[in-house]
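Visitor: fold the following.
(chains A and B)
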Number of protein chains: 2
Amino acid sequence: MKILQETIREKGKAIGKEILKVDNFLNHQIDVKLLNEIGKEFKRRFGSKEITKILTIEASGIAIACLTAQYFDNVPVVFAKKLEASNLDQDVYESEVHSFTKNKTYKIRVSKNYINKDDKVLIIDDFLAHGKAASGLIEIVEQAGAKAVGVGIVIEKYFQNGRKFILDKNVQLESLAIIESLDNGKVNFK
Amino acid sequence: MKILQETIREKGKAIGKEILKVDNFLNHQIDVKLLNEIGKEFKRRFGSKEITKILTIEASGIAIACLTAQYFDNVPVVFAKKLEASNLDQDVYESEVHSFTKNKTYKIRVSKNYINKDDKVLIIDDFLAHGKAASGLIEIVEQAGAKAVGVGIVIEKYFQNGRKFILDKNVQLESLAIIESLDNGKVNFK
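Guide: A predicted model of the protein is given here:
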C-alpha cells in the first residue's frame, strides 16, 4: 500500500535491526485519515468474507479496528484485554502472548459474551512480528467455536517470521506494508 | 443524547450504586455506529473551538477519540499511555491518576513530540467519575503550554463529583449522558 509505505519512510524510525517506531502516526499519535485509507484497503482485501466481527487487542489495535469497521457495515469491534480488569466478566476466553519487545508474557482475555460460534472474525493488529499476538487472538476465536477468516496487519516485520504461525492455521493473512529488513535507520520493504 | 441514554438503559448494567458496566457497546465490545453518532454530537458541542488535537487515554478512550476526530477535519488523536512502554520517547509529559474502580494510582505519559504550545486540545474519555483521568490529561496539556479547550465525556457519573475538578480549571465540560444515581440495577439520568 503505497501511501502507507511513504508514511513509514517519512515518519517511521528504524532503531537497530529490530525496532520500527511509528508512534508519530500509528500507536501514540494517530493519523485518522491514513487509518481510514487502511480501513478501505482491508475492506478491499477481506470484503468477500462476510465478516460479522472484528477482533483486536488493546491498545494500539483499537483505532485501526474501529476505523476499519466502518467499511464493513459497522460490524462490532471487540478488543482483547491484556490486564485483569476488575469489571470484566469472569466468564472469558483466554490465551497467553509473549511480547519480545517488552520481554514478558501476559494473558489476553475476551468475554464469552462477545464472540459466538456463528461469528466470522477478522483479526486486526498494528504489527505482525513473531506472530504471538495474532496467534493468541486466533486461539480465542477457536475457543469460541467461531471462525477466524482473516488476519489484517498494518506493518509486518517479515524477518521475524510471524507469518508462518498464521498460515499454519490456514487463515488468510494480509499485511499492508511488509518490511524485509531494518538497518541503520533504513527501512527496506519486500 | 437520546440514543445514548436508550442504549445505556437497554445494554448497560448497574452494579450496586457505583458501577455501570457498558462493555457491551463502549469498552470491550464497541458499537461503531453509536460512536459515530457520539462523534457528531461532540462536533456539535465543540465545533466552534478550532480544535487542533484530540487527547485521550488508553484503552477505552481511543475508539471514541478516533471516531470523533473524523468530524473535526481528521485532527490527530494522541492517547496517553498508562504503563511504561519500552519504546516510548524518554521525553514525556507526565501526570498521576488514581483509579477508584481499580483502587490504584498509575502514571500517564504523553511524548513531548505530540502536543505543542499552539495546540487547542479537546480531551475525550468514556467516563467521568471522580475526575482524576480528565484532570491528569488537563495537567499534561498545561505542561505542554497548550490550551485544553474542552472535555467531552460519554457517560458522567454525576454523583461522584468529577465535574467540579474540570469546571475549576475553567474548561468547558460536555457529558453526553449524565447519571444522577445507580440503584439496584436501575439507571437514573439527570
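Visitor: use CA for all of it now, contacts and neighbours both
Guide: Noted.
Visitor: quick one: contacts for residue A:25?
Guide: By CA atoms under 8 Å, 6 or more residues apart in numbering or on different chains, the residues touching residue A:25 are A:11, A:31.
Visitor: you'd agree it is in a helix?
Guide: No: applying DSSP: H, G, I helix; E, B strand; the rest coil, one finds residue A:25 to be coil, outside a helix.
Visitor: which residues of chain A fall in helices?
Guide: For chain A, the helices defined by DSSP state H occupy A:2-11, A:32-46, A:60-69, A:132-143, A:163-168.
Visitor: show me what the fourth one is packed against.
Guide: To tie it back to what came earlier, the one meant is helix A:132-143. Helices and strands touching helix A:132-143, by 3 or more CA pairs under 8 Å, 6 or more residues apart in numbering or on different chains; DSSP states H and E, are strand A:53-57, strand A:92-99, strand A:120-128, strand A:147-157, helix A:163-168.
Visitor: what residue is smack in the middle of chain A?
Guide: By CA atoms, centre = their mean, the mean C-alpha position of chain A lies nearest to residue A:125, the distance being 1.1 Å.
Visitor: ok, back up a step: which of the helices and strands packed on helix A:132-143 sits closest to residue B:153?
Guide: Among those, strand A:53-57 comes nearest to residue B:153, with 23.1 Å by CA to CA.
Visitor: and the closest one, how far out from the chain middle?
Guide: The gap between the average C-alpha position of strand A:53-57 and the chain average comes to 8 Å, counting by CA atoms, centre = their mean, to the nearest Å.
Visitor: contacts for that strand?
Guide: Here strand A:53-57 makes contact (CA under 8 Å, 6+ apart) with A:62, A:65, A:69, A:75-82, A:119-125, A:133, A:137.
Visitor: what average pLDDT does it get?
Guide: Strand A:53-57 shows a mean pLDDT of 98.
Visitor: partners of that strand in the sheet?
Guide: strand A:77-80 (parallel), strand A:120-128 (parallel) (DSSP bridges).
Visitor: most tightly surrounded among those strands?
Guide: strand A:77-80 (a mean of 29; mean count of other CA atoms under 10 Å in any protein chain shown).
Visitor: could I get it in PDB with only the CA atoms?
Guide: The C-alpha trace of strand A:77-80 is given here as PDB (Å, rounded to 0.1, in the frame of the first residue of the first chain):
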ATOM      1  CA  VAL A  77     -15.300  -4.400  17.300                       C
ATOM      2  CA  VAL A  78     -14.100  -6.400  20.300                       C
ATOM      3  CA  PHE A  79     -10.800  -5.800  21.800                       C
ATOM      4  CA  ALA A  80      -8.900  -8.300  23.900                       C
END
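Visitor: rounded mean pLDDT for that strand, please.
Guide: 98.
Visitor: next one: stretch A:92-105
Guide: For stretch A:92-105, the per-residue pLDDT averages 87.
Visitor: hmm, that stretch touching chain B?
Guide: Yes: Stretch A:92-105 lies within reach of chain B by CA under 8 Å from any CA of the partner chain, at A:101-102.
Visitor: which residues are contacting that stretch?
Guide: With contact meaning CA under 8 Å, 6+ apart, stretch A:92-105 is reached by A:106-112, A:130, A:132-133, A:136-137, A:139-140, A:143-144, B:85-86.
Visitor: show me just the buried residues among these.
Guide: Burial by neighbour count, 16 or more other CA atoms under 10 Å in any protein chain shown: within the contacts of stretch A:92-105 this picks out A:108-112, A:130, A:132-133, A:136-137, A:139-140, A:143-144.
Visitor: now chain A, which segments are flagged as low pLDDT?
Guide: Under the criterion pLDDT under 70, the flagged ranges of chain A are A:83-89.
Visitor: how near is residue A:47 to residue A:70?
Guide: 12 Å (CA to CA, to the nearest Å).
Visitor: that older thread, turn the strands paired with strand A:53-57 into a markdown table, including distance to residue A:94.
Guide: Shown next, in a markdown table, are these (distance: least, CA to CA, whole Å):
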| stretch | distance to residue A:94 |
| --- | --- |
| strand A:77-80 | 9 |
| strand A:120-128 | 16 |
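Visitor: right, I'll call it a day here.
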